[in-house]
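*Asks:* The following block contains a protein sequence and its predicted model.
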Amino acid sequence: MGVEALLGSLSRSFPIDAGNIEVLESPTEFLQCLCNGIKHAKRDVTLCALYCGMGEAEEETLWDSIQESKVNIRILFDAQRALRPVERNGLSSVDSILKRLFHSDDKSGEEGRIEMHLFHSPLLRGIIHRTLPVRIREIVGVQHMKMYVFDDSVLLSGANLSETYFTNRQDRYILFKNAPELANFVLNVFNEIIKSSYQVIVPALEGVKALNAVSPQELVPQYGMKATTGFVLKSPVYDPVLQPYIFCSDLRERLERIILPKETDEHLYKVAFPHKYRIGHAGFGVDDMRECMSGGMSRVSDTLIFPTFQAGFARVRQDEVLTLGFLRYLAHYARQVDGPMAGELWIATPYMNFSASYEHAFHQIPHNIKMTILTSSMESNGFYQSKGISSNIPHAYSYLEKKLWRKMQKSSQYSNYIQNSRILREFHHENSEFHAKGMYWKPFDRQEPMVLTVGSSNYGRRSLNRDLELQAFIVTRNEGLKSSFEEEWNHLISKSRVVEWEDLMRRKGPYLSRLAGRFLRSFL
């Protein structure tokens, strides 16, 4: 029963030499990797994130690299976040980028070299689209993938392209170097996503009026009036606001052709790509996967990469199905182990709001697997001390953290040994924020592979149903790479501390935050 066979049953696999995987630890290294990748690219660069920033010194360093580069660069952001006016100057990030790239003395042919696309969630439509305030619109759904491709190298992370992610917001970053097959795969997916996105066009630079174009005000009514670039947005074939159902069906069919392996288990296919929209967990058990896990999988390399995607709004649930399958695989594996402990499972998420399906899977993991969950403290939450209604968000996550841990305590209160196998930690580091996410599985049997994930998913309800997500499973038997991943985890927990149950019990957040945590979980 192999984990490689399980993951390969519903995902493409890409072998890679362990020496071509580099684990970055700090926001500074992340910025340096981005700049070096852009500067040294020979063919093309692809940048995909929720949003970007402009104006701060670190952000200017990134855009200096983009302007100095001579290769074609394609960019994808979320439409609502990229068109939202920034408080300090009233311009959206798209305006700021276009103003810098195209309104300078030396345009350097940027209009033909740089493409920008904006993905708009099909869930944001109708009266919600017309009336919801601009700062709250993101709760409906966003483009949340973070992938950065430089020729044949791929950088996967959960970090965006803004100043805090380059300075004091801790995330995770894994660079896959000299991986042409993996790079080609993620670029094929990127191409399908931008076909379903708006393309930013400056008519004066294009020389013609864009066909099927809409103004930014049509997508974001509160769009800043200080805009000076005069751009328009070229609509995709199926508009996500006007034709949301056809849009979702079309996107689903095109992604399905790319992300699935050549031979896919029929039952798993129906679960990962249901024909009817369904909010909730993918309902399958270990028995459904036993046939997939029983077979061996030929290994041409000691390290394999399995990319997974999630677009719940379009009924694409590949990442959810494989994550649940992996957790249930661990439960099955642990029950076969004769010794007292089978291994350690480490889980990191900045926003403690696991879906019901993931919580259930956690409870099914036997206590001979030591499970540690690392999340942000109130002070390291990215919304801490923010203005307006978002100031309640850290308290809402703290409420959900307390609620989950109460369930964990109930399931393990009869044994101190069992209590010690479930540990909650919070990130505490001076002037730092926490945004890392992912899972690490370290079996105590050194013959078994280490498995970890990296990507954009926070494992919450909105990650499964509302956002567009990208994650990758890394399965390795290479001892040197295993040590690198352990060092990465130790680096994270070195800036954290254990949270005792008594500490959680003493927390009393505002009533509004508790209401949000109870009734608005699918939006957090």
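*Replies:* Yep, it's here.
*Asks:* where does the stretch 351-500 of the chain have low pLDDT?
*Replies:* 382-392, 409-419 (pLDDT under 70).
*Asks:* how about the helices of it, start to end?
*Replies:* Counting by DSSP state H, counting those that start in this stretch, the stretch 351-500 of the chain has these helices, from start to end: 356-364, 393-412, 416-419, 461-465, 479-493.
*Asks:* Mind putting the ones you listed into TSV with mean neighbour count?
*Replies:* Where C-beta positions appear, they are placed from N, C-alpha and C, glycine not excepted. Converted to TSV, the helices of the stretch 351-500 of the chain look like this (neighbours: other CB atoms under 10 Å):
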stretch	mean neighbour count
helix 356-364	17
helix 393-412	19
helix 416-419	13
helix 461-465	24
helix 479-493	16
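*Asks:* just so I know, which of the ones you listed lies nearest residue 37?
*Replies:* helix 479-493 (19.6 Å; CB to CB).
*Asks:* That closest one - contacts with which helices or strands?
*Replies:* strand 21-24, strand 369-376, strand 438-443, strand 450-455, strand 468-476 (3 or more CB pairs under 8 Å, 6 or more residues apart in numbering; DSSP states H and E).
*Asks:* The same query, at a cut-off of 7 Å, please.
*Replies:* Helices and strands touching helix 479-493, by 3 or more CB pairs under 7 Å, 6 or more residues apart in numbering; DSSP states H and E, are strand 21-24, strand 450-455.
*Asks:* of all the helices of the stretch 351-500 of the chain, which lies closest to residue 429?
*Replies:* helix 479-493 (9.9 Å).
*Asks:* low pLDDT regions in the stretch 151-300 of the chain?
*Replies:* 203-229, 264-273, 275-300.
*Asks:* which residues of it fall in strands?
*Replies:* According to DSSP state E, counting those that start in this stretch, the stretch 151-300 of the chain carries its strands in the segments 153-157, 169-170, 173-176, 198-201, 213-214, 232-234.
*Asks:* Would you point to the one among the helices and strands packed on helix 479-493 that's packed deepest?
*Replies:* strand 450-455 (a mean of 25; mean count of other CB atoms under 10 Å).
*Asks:* Direction included, what does it pair against?
*Replies:* When sheet partners are counted by DSSP bridges, strand 450-455 sits next to strand 438-443 (antiparallel), strand 468-476 (antiparallel).
*Asks:* So for residue 188, which of those sits nearest?
*Replies:* Nearest of these (CB to CB): strand 468-476, 12.8 Å.
*Asks:* what's the closest one in contact with?
*Replies:* For strand 468-476, contacts defined as CB atoms under 7 Å, 6 or more residues apart in numbering pick out 3-4, 7, 18, 119, 143-145, 147, 156, 302-311, 319, 449-457, 463, 482.
*Asks:* Now do residue 101, the pLDDT please.
*Replies:* pLDDT for residue 101: 77.
*Asks:* Next one, pLDDT for residue 84 please.
*Replies:* pLDDT at residue 84 comes out at 85.
*Asks:* Just give the number of residues close to it.
*Replies:* 21 (other CB atoms under 10 Å).
*Asks:* Name the nearest residue to it, ignoring sequence neighbours.
*Replies:* Counting by CB to CB, 6 or more residues apart in numbering, the nearest residue to residue 84 once its immediate chain neighbours are dropped is residue 134, at 5.4 Å.
*Asks:* Also residue 473?
*Replies:* residue 306 (4.2 Å).
*Asks:* Just confirm that neighbour is within a strand.
*Replies:* Yes - judged by DSSP: H, G, I helix; E, B strand; the rest coil, residue 306 forms part of a strand.
*Asks:* and it, what pLDDT?
*Replies:* On the pLDDT scale, residue 306 gets 97.
*Asks:* who's in contact with it?
*Replies:* Contacts of residue 306 by CB under 7 Å, 6+ apart are 7-8, 11, 13, 472-473.
*Asks:* And these, which two are furthest apart?
*Replies:* Among these, the pair separated by the greatest distance (CB to CB) is 8 and 472, which sit 13.4 Å apart.
*Asks:* Where does residue 309 sit, in terms of helix or strand?
*Replies:* Under the criterion of DSSP states H and E, residue 309 resides in strand 303-311.
*Asks:* export that strand as CSV, just CAs?
*Replies:* In CSV, the C-alpha atoms belonging to strand 303-311 read as follows (Å, rounded to 0.1, in the frame of the first residue of the first chain):
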residue,chain,number,x,y,z
THR,A,303,11.4,12.3,-5.1
LEU,A,304,8.0,12.8,-6.8
ILE,A,305,5.8,16.0,-7.2
PHE,A,306,2.0,15.7,-7.4
PRO,A,307,0.3,19.1,-8.2
THR,A,308,-3.3,19.4,-7.1
PHE,A,309,-5.9,22.1,-7.9
GLN,A,310,-9.1,23.2,-6.2
ALA,A,311,-11.9,25.2,-7.7
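*Asks:* after it, next one along is what?
*Replies:* Downstream of strand 303-311, the next assigned helix or strand under DSSP H and E is helix 318-336.
*Asks:* counting contacts, what elements does that following helix pack onto?
*Replies:* Checked by 3+ CB pairs under 7 Å, 6+ apart, helix 318-336 has helix 3-8, helix 266-272, helix 286-294, strand 303-311, helix 356-364 packed alongside it.
*Asks:* Quick check: next helix or strand after it?
*Replies:* strand 343-348.
*Asks:* Give me the angle between that next one and helix 356-364.
*Replies:* Relative orientation of strand 343-348 and helix 356-364, computed by axes from the mean of the first three to the mean of the last three CA atoms, to 10 degrees: 150 degrees.
*Asks:* please renumber so the chain begins at 20
*Replies:* Yep, numbering from 20; the last one is strand 362-367 now.
*Asks:* What average pLDDT does strand 362-367 get?
*Replies:* So the average pLDDT for strand 362-367 ends up being 97.
*Asks:* Now do that strand against strand 388-395, angle only.
*Replies:* Using the same axes, to 10 degrees: strand 362-367 against strand 388-395 is 10 degrees.
*Asks:* tell me the pLDDT at the residue nearest to residue 103?
*Replies:* Residue 153 carries a pLDDT score of 77 in this model.
*Asks:* do the one 3 residues further on as well
*Replies:* Among the per-residue scores, residue 156 shows a pLDDT of 84.
*Asks:* Give me the number of neighbouring residues for the closest residue to it other than its chain neighbours.
*Replies:* In space, residue 156 comes closest to residue 99 once its chain neighbours are excluded; the distance is 4.7 Å by CB to CB, 6+ apart. Residues within reach of residue 99, counting by other CB under 10 Å, total 27.
*Asks:* what are the phi and psi values for residue 99?
*Replies:* phi -70, psi -40 (degrees, to the nearest 10).
*Asks:* what does residue 385 give?
*Replies:* Per degrees, to the nearest 10, the backbone of residue 385 is at phi -60, psi 160.
*Asks:* what sits against it?
*Replies:* Applying CB under 7 Å, 6+ apart to residue 385 gives the contacts 350, 353-354.
*Asks:* And residue 26, by the same measure?
*Replies:* Shown in contact with residue 26 (CB under 7 Å, 6+ apart): 325, 341, 492, 494.
*Asks:* if I look at it, how far off is residue 281?
*Replies:* Distance, residue 26 to residue 281, using CB to CB, to the nearest Å: 15 Å.
*Asks:* Residue 266 too?
*Replies:* 27 Å.
*Asks:* who's more crowded, the two?
*Replies:* residue 266 (23 against 5).
*Asks:* mind saving the C-alpha coords of stretch 354-362 as CSV?
*Replies:* What follows is stretch 354-362, C-alpha atoms only, in CSV (Å, rounded to 0.1, in the frame of the first residue of the first chain):
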residue,chain,number,x,y,z
ARG,A,354,-3.1,1.0,12.5
GLN,A,355,-0.7,-1.5,10.8
VAL,A,356,2.3,-0.3,12.9
ASP,A,357,3.3,-2.6,15.8
GLY,A,358,5.4,-0.1,17.7
PRO,A,359,4.1,2.5,20.1
MET,A,360,4.5,5.4,17.6
ALA,A,361,4.1,5.4,13.9
GLY,A,362,5.3,8.9,13.1
